[in-house]
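Enquirer: Take this sequence and fold it.
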Amino acid sequence: MMGKKTSIPRSVGSDHSISKAQSNTQLSTEELDLQKSLIPEEFHIIKNKGVLGLEYYEDKYTTLLEDSEKKLRIFPSMKPNGRSEVIQLGKVMDSMLKKAKVDEESLQTSGPTQMHNMLELLKKEQNIYNIVFHELIRQVSVDCAERGELLAKLRQQYVNLLDRIPRQMKSLHNSMMAQRALDRRLTDELIQFKNSIELLMSELFQVQEHDQKVIKDAKYTKTQLARALKETQEKTNMLEEYRELYELQRRRLEINLGYLTEERDLWSSTTYKLAEKVIERNKLQLVHTLYLHEKSWNQVVRHFLVVLATTDTSDLAEIQQVTETWRKSMVHFGEQLEHVEESRKEKLRHCKTGLEEWHQYFKTKVFVDHTFRGVPRDEINQILNDLISWEKMIIEELEQFAGAMLLANKETLDRTTYMQQKWTELGQRILERHQNPAGETPELDKMKDVNRNVTKLTQQYTRRMEGENGVASALMSLFKSFEPLSSSLQAEKNKSTKMQESDWLIFSLLLPEWMDHVDSLLKLTDTSHSEASLNQEKPHAQLTPRDVFKKLQKWILAMTAETEKDDIYLTQDLNNMHKAMVQWMVDLLMILTSKNSSEVSEDTTTSEFPEEEETSQTIKTKLVEDAEQLARKLNKFSLLISSCCKTIVEDLSQKTDVDPDFELKSLETVKTKCMEWIETCNFILSDITGDAVSLKLENQIDLDNTELKSSIQEKKQSSFKKHSKSHDKTEPDDFTAEDSCTSTSKSSLPNVTHRLNYDFMKIIGHDANIFQKSIKVKEEALSPGCTVSVSKPQTAKAYEAFNSLVSLDNLQHQLLLTELRAQRAEEITANLNEQLKIAQERLLELEQKLENQLVIIEEEPPPEEDLAESMVSKMGSQLKKAFKSKKSKFP
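Expert: Residues are numbered from 1 along each chain as shown. I've put the predicted structure just below:
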């Protein structure tokens, strides 16, 4: 029974075969022992499962039956021994070629070109032939493996040859297409070149036409230019003639101006001399003293205004220099700080890059799919070297926040702070000297605002320099987090301990935290907010030296403009006050000269016209009011100058060794001359009005100062002595003030028994004028022709009684002459009318001449001599009018 195969008979339908469709079949479920074939499964032939039986073999293993379902495939079979296998393979090849549509002449154009479509079809056909060759080789290999192997090798070489042909064709096609594209491009460029040549030819033609046009225009312009040059030459000659004429006219006007200037100076000096003569003739010593006080005050104040302006200019220049030095220091310091911070950022970026690389390494090679694969020894050494270099970098950065570099930076900031204090002190001194009338300094608030910004900028630089913006603490915390792992890796390197998986896991988890820490350090490096504001998340505005210096420069310019404007206003106020004081003295001199002239002409008569008395009273009242206004302005201005220049004078006195108190005394002279002028005005106005006048002041100068009082008293005594000496020279026969004083002192002695027989006595009045007083009683008539005689009055009450008697006598005399005047009234009226007309015409002519002369003189601002000249002219015209009015009253 061994080797003999027996089978159960099968039904008739068992020989029929069917084609199996490929849809939704899986060969993986069939555990076949046959070698796999390249023939598609749709062409396989299998047995019918419905009619198969069991097959068994007569051997010792007959009890083990094999399931026929495991060997159901007939084509391609494992033992192709018959012709049917070859016939079936031919049918499969025909059906596959038919399905691939190889024999059809019309090809589908699915590719970019026909060649591509042909190559696709060849590829499909080659695949079919490859399958058939493979199956044939498999069938041949069953009988002879070597023959099959040779056929397989031959088939493979043939396949390689066929594969190489399409590739060569494709490369040839690509080269051909590239050549065609190149040819097309060259053709396009050639066409474009031809078009460019045509365009250039057209442009050349246009340029030639334009050139011809430009040549014609140039010829026309040349002719026009020649004509214009000719006209210009003619106009130049004419202009030269006009210039010569102008020079002649200018020289003539300069000569006339010189004559007029000499005439003006002559009239000014003459007027000034006449004013002095008038003052001397009328014995107006107080007016002369008043003029001297005003002149001295004006000179001293003008000197201190120059000192004030000079000091302001030097202080402002020093402020500008200090602020410029501060700007350069801060800019240099800021650049150094930015350089250090940029270097720190670069190191931190390098550290961050290293951390990212190690994080990526641990993520891809150490902990893969939650599995620890270990860290090589070289990588451990590299990690240790990186950590050591990072720690060294952190230590270097931390050393910049302490030590010599910090001290040098602090010294720089201390110098800038000293500069700030210096310009603040100078600015306060300038602003204190130039306060507004309310005592306020508007620019002081701006200076405080600027100083706040400067202080804020310094604090920001200090925080960045010392690392108080969070950088120092962040670097320290990063260093502390590096230190334990560095120690562990060092121990690993020395083989004293070994790092476990948990340690490497902790290291891999720390890497992202360190990267975030480095990112925060990069953000904090160039910031200037404090750690407290950073924790509280307060908004912070960072300042720059350029913005702060712009505000500082703007404040300096505003303060400079305000100071210069204030100095100009002070000079203008001084000039206006000088003019007002001179004008007031002119008005005062006019009143005093008219008063003295009326006393000379009518010493014993009273005015018959009350209107003149009212006008005179009005003028006196206005004079007093003007004096009060001038006194207030003078007092206020003197106080202002004293307060402004006090610190300047004190500094000058400390710097000078020769007579250090000279400037202080000169500054006190401002107050002294002011009070002397006011006291002299009080004397004069009291004499004019007949009442005690005291000019009211808002802020009167403190006269309790002993030095000021003593200086005023000394000047009074010196003026009294000068007046007495001048009076002694004019009247040598009279006694001097000293003789009178000694005589009176000797007569008052008890031992003196003889009697002094003198007729006059010299008296110094309250206004510093010296006049004589008769000792003997002298009788005189009330009026010329009157028989009644009385003693000459010596006191004010006696003068009033004497005037009353004179008035009674005049009334009696007027009653007698009333009838005579009534008869002569008509004749006098006619004569007066004619005389009045003649006088008016004469006055008009004189006024016209005087106005012509004043127009010439008033072309330039009149100096003191001009004011005196106008004073004398006004006095002369007033005297003429007064004289004519008196003359018309008493023909």
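Enquirer: What is the strand or helix carrying Lys91 packed up against?
Expert: Counting by DSSP states H and E, the element that carries Lys91 is helix 83-100. Secondary-structure packing of helix 83-100 (3 or more C-beta pairs under 8 Å, 6 or more residues apart in numbering; DSSP states H and E): strand 73-75, helix 114-143. Where C-beta positions appear, they are placed from N, C-alpha and C, glycine not excepted.
Enquirer: Make CSV out of the ones you listed and add mean neighbour count.
Expert: Output for the helices and strands packed on helix 83-100, formatted as CSV (neighbours: other C-beta atoms under 10 Å):
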stretch, mean neighbour count
strand 73-75, 17
helix 114-143, 16
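Enquirer: Arg415 contacts Met330, correct?
Expert: No: counting by C-beta atoms under 8 Å, Arg415 stays clear of Met330, with 10.3 Å between them.
Enquirer: Comparing these two, which residue is more hemmed in?
Expert: Met330 (23 against 14; other C-beta atoms under 10 Å).
Enquirer: measure His288 to Leu592 for me?
Expert: 11 Å (C-beta to C-beta, to the nearest Å).
Enquirer: Show me which of the two is the more surrounded one.
Expert: Applying other C-beta under 10 Å to His288 and Leu592 shows that Leu592 carries more neighbours, namely 21 against 17.
Enquirer: Could I get the average pLDDT for the host helix or strand of that one?
Expert: Using DSSP H and E, Leu592 sits in helix 545-601. Taken as a whole, helix 545-601 has an average pLDDT of 81.
Enquirer: Same question for stretch 358-366.
Expert: Rounded mean pLDDT across stretch 358-366 is 83.
Enquirer: And for stretch 428-447?
Expert: 76.
Enquirer: And stretch 514-526, by the same measure?
Expert: Mean predicted lDDT for stretch 514-526 stands at 83.
Enquirer: what does it rub up against?
Expert: Residues outside stretch 514-526 that contact it (C-beta atoms under 8 Å, 6 or more residues apart in numbering) are 338, 341, 344-345, 348-349, 351-352, 355-356, 359, 464, 469-471, 474-475, 477-478, 481-482, 534.
Enquirer: okay, now the domains of this structure?
Expert: 4-143, 302-433+440-534+542-565, 732-748+755-775 (automatic domain parsing).
Enquirer: could you give the angle of the longest helix belonging to the chain to helix 114-143?
Expert: Longest helix in the chain, counting residues (DSSP state H): helix 145-281. Relative orientation of helix 145-281 versus helix 114-143 (axes from the mean of the first three to the mean of the last three C-alpha atoms, to 10 degrees): 140 degrees.
Enquirer: Beyond helix 145-281, next helix or strand please.
Expert: Counting by DSSP H and E, what follows helix 145-281 is helix 285-361.
Enquirer: Just name whatever secondary elements that following helix is in contact with.
Expert: helix 145-281, helix 377-399, helix 404-433, helix 442-466, helix 501-524, helix 545-601, helix 610-655, helix 662-689.
Enquirer: Could you rerun that using 6 Å?
Expert: Judged by 3 or more C-beta pairs under 6 Å, 6 or more residues apart in numbering; DSSP states H and E, the packing partners of helix 285-361 are helix 377-399, helix 404-433, helix 501-524, helix 545-601, helix 610-655, helix 662-689.
Enquirer: Point out the most buried one among those helices.
Expert: helix 662-689 (a mean of 20; mean count of other C-beta atoms under 10 Å).
Enquirer: as a whole number, average confidence for that helix?
Expert: 83.
Enquirer: quick one on the thing from earlier: mind telling me which of the domains of the chain the model trusts least?
Expert: domain 732-748+755-775 - the lowest mean pLDDT of those, at a mean of 47.
Enquirer: quick revisit: so which bits of the helix holding Lys91 are buried?
Expert: For helix 83-100, burial by neighbour count (16 or more other C-beta atoms under 10 Å) applies to Glu85, Gln88, Leu89, Val92, Met93, Met96, Leu97.
Enquirer: from those, which single one is nearest Lys448?
Expert: When these are ranked by distance to Lys448 (C-beta to C-beta), Met96 comes first, at 101.7 Å.
Enquirer: Quick check: chain neighbours aside, which residue is closest to that closest one?
Expert: Ile128 (4.7 Å; C-beta to C-beta, 6 or more residues apart in numbering).
Enquirer: what does Leu695 give?
Expert: Ala631 (4.1 Å).
Enquirer: Could you double-check that that neighbour sits in contact with Glu679?
Expert: No: counting by C-beta atoms under 6 Å, Ala631 does not reach Glu679; the two are 10.1 Å apart.
Enquirer: returning to what we had before: how far away is the residue nearest to Leu695 from Asn160?
Expert: Counting by C-beta to C-beta - Ala631 and Asn160 are separated by 130 Å.
Enquirer: can you count the residues close to Lys448?
Expert: Neighbour tally, Lys448, other C-beta under 10 Å: 11.
Enquirer: Let's have the buried residues of helix 83-100 in a markdown table, adding distance to Glu432.
Expert: As requested, the buried residues of helix 83-100 are exported to a markdown table (distance: C-beta to C-beta, whole Å):
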| residue | distance to Glu432 |
| --- | --- |
| Glu85 | 126 |
| Gln88 | 125 |
| Leu89 | 122 |
| Val92 | 119 |
| Met93 | 119 |
| Met96 | 115 |
| Leu97 | 116 |
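Enquirer: Out of these, give me the two with the largest separation.
Expert: Taking C-beta to C-beta as the measure, the buried residues of helix 83-100 reach their widest spread between Glu85 and Leu97, a distance of 18.9 Å.
Enquirer: for whatever helix or strand Ser807 lives in, packing partners?
Expert: Applying DSSP H and E as the criterion places Ser807 in helix 796-857. The criterion is 3+ C-beta pairs under 6 Å, 6+ apart, and there are no helices or strands that helix 796-857 contacts.
Enquirer: and the angle for that helix with helix 145-281?
Expert: 130 degrees.
Enquirer: Return the alpha-carbon coordinates of stretch 658-677 using CSV.
Expert: The C-alpha trace of stretch 658-677 is given here as CSV (Å, rounded to 0.1, in the frame of the first residue of the first chain):
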residue,chain,number,x,y,z
VAL,A,658,40.5,145.1,46.6
ASP,A,659,37.7,147.0,48.3
PRO,A,660,35.2,144.1,48.5
ASP,A,661,32.5,146.3,49.9
PHE,A,662,32.5,148.7,47.0
GLU,A,663,29.7,147.0,45.1
LEU,A,664,27.6,146.5,48.3
LYS,A,665,27.9,150.2,49.0
SER,A,666,27.0,151.0,45.4
LEU,A,667,23.9,148.8,45.7
GLU,A,668,22.9,150.6,48.9
THR,A,669,23.3,153.8,46.9
VAL,A,670,20.3,152.8,44.8
LYS,A,671,18.1,152.9,47.9
THR,A,672,19.8,156.0,49.3
LYS,A,673,19.4,158.0,46.1
CYS,A,674,15.8,156.9,45.8
MET,A,675,15.0,158.1,49.3
GLU,A,676,16.9,161.3,48.9
TRP,A,677,15.0,162.0,45.7
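Enquirer: Please enumerate residues in contact with it?
Expert: Stretch 658-677 has contacts (C-beta atoms under 6 Å, 6 or more residues apart in numbering) with 293-294, 296-297, 300-301, 634, 638, 641-642, 645, 649, 652-653, 701, 708, 711.
Enquirer: list the contacts for Leu413?
Expert: Contacts of Leu413 (C-beta under 6 Å, 6+ apart): Thr458.
Enquirer: packing partners for the longest helix of the chain?
Expert: helix 114-143, helix 864-889.
Enquirer: make it 8 Å
Expert: helix 114-143, helix 285-361, helix 545-601, helix 796-857, helix 864-889.
Enquirer: want to throw the ones you listed into JSON lines with distance to Lys216?
Expert: Formatted as JSON lines, the helices and strands packed on helix 145-281 follow (distance: least, C-beta to C-beta, whole Å):
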{"stretch": "helix 114-143", "distance to Lys216": "67"}
{"stretch": "helix 285-361", "distance to Lys216": "62"}
{"stretch": "helix 545-601", "distance to Lys216": "59"}
{"stretch": "helix 796-857", "distance to Lys216": "65"}
{"stretch": "helix 864-889", "distance to Lys216": "72"}
